[in-house]
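1. Sequence and predicted structure, then a few things I'm wondering about:
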Amino acid sequence: MAGSLDADDVEGWAAWAVLDDIDLDAPDPYLDVTGTLVEEKGKGTGGWVRKPAPKTDNGWRRILLPPHTIESIREAIEYLKTSGPPNPMGLLFPSCVGTVRNPNNFGRPWRAARGETFAWITPRTFRKGATTEVDREYEDPERAARQLGNTTAVAKGHYIDIPETVPDNRDVLERWARGG
């Protein structure tokens with residue numbers, strides 16, 4: 001599911017996604033990105049809360065969901081209905097006590113799930129892979145940036161994998177290959 005959404009990083013969207021922002025029965029099923037997480041610090045009030053607005057203007061967007069993501073979200077919703085935790089905030093992935101998940105706690109279960117074989121895969125790997133794939137398919141870095149909710153400059157600088165073109169050495173290599 002992560003490669004499809006890439007809303008704010010896997011650990012971010014998994015913590016803030018709200019059921020009311022998801023429509024799996026629409027002609028083009030979607031998830032609306034309408035918020036983000038912020039950490040409130042302070043005695044007695046500290047913790048993570050869902051802010052009802054994305055971090056930037058580029059952050060608010062509707063992400064059309066591919067079939068494998070729809071299937072995964074349906075499974076998560078079914079779990080919530082049958083045996084999930086209390087969910088007064090209507091979160092897609094509430095904590096075990098029904099609150100917003102701390103995105104910093106994503107790492108431990110992620111490392112356990114991926115094991116040693118896939119230790120090289122990080123949430124950023126998904127973000128970079130999905131963005132690069134969209135850019136390669138459409139040759140449109142703006143489109144790829146919108147998937148992330150970033151500017152084109154940020155997507156190109158941090159997420160779209162663009163191979164470097166080496167200097168043009170064709171003449172030298174041709175002469176060398178022909179013994180000249």
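-> In hand now; what should we look at? Residues are numbered from 1 along each chain as shown.

2. Need the residues that contact the helix or strand where Arg146 lies.
-> If you go by DSSP states H and E, Arg146 is part of helix 141-148. Contact with helix 141-148 is made by 6-7, 58, 61, 63, 127, 130-132, 134-135, 138, 151-152, 154-156, 159-160, as judged by Cβ atoms under 8 Å, 6 or more residues apart in numbering. In this view, the C-beta of every residue, glycine as well, is placed from N, C-alpha and C.

3. Got phi/psi on Pro94?
-> Here is the backbone geometry of Pro94 (degrees, to the nearest 10): phi -70, psi 160.

4. Looking at the residue nearest to it when sequence neighbours are not counted now. What's its pLDDT?
-> Counting by Cβ to Cβ, 6 or more residues apart in numbering, Asn87 is the residue found nearest to Pro94 once chain neighbours are left out, at 4.8 Å. Model confidence at Asn87, expressed as pLDDT, equals 91.

5. list the contacts for Pro54?
-> Contacts of Pro54 (Cβ under 8 Å, 6+ apart): Asp8, Val33, Thr34, Gly35, Thr36, Trp60, Arg61, Gly149.
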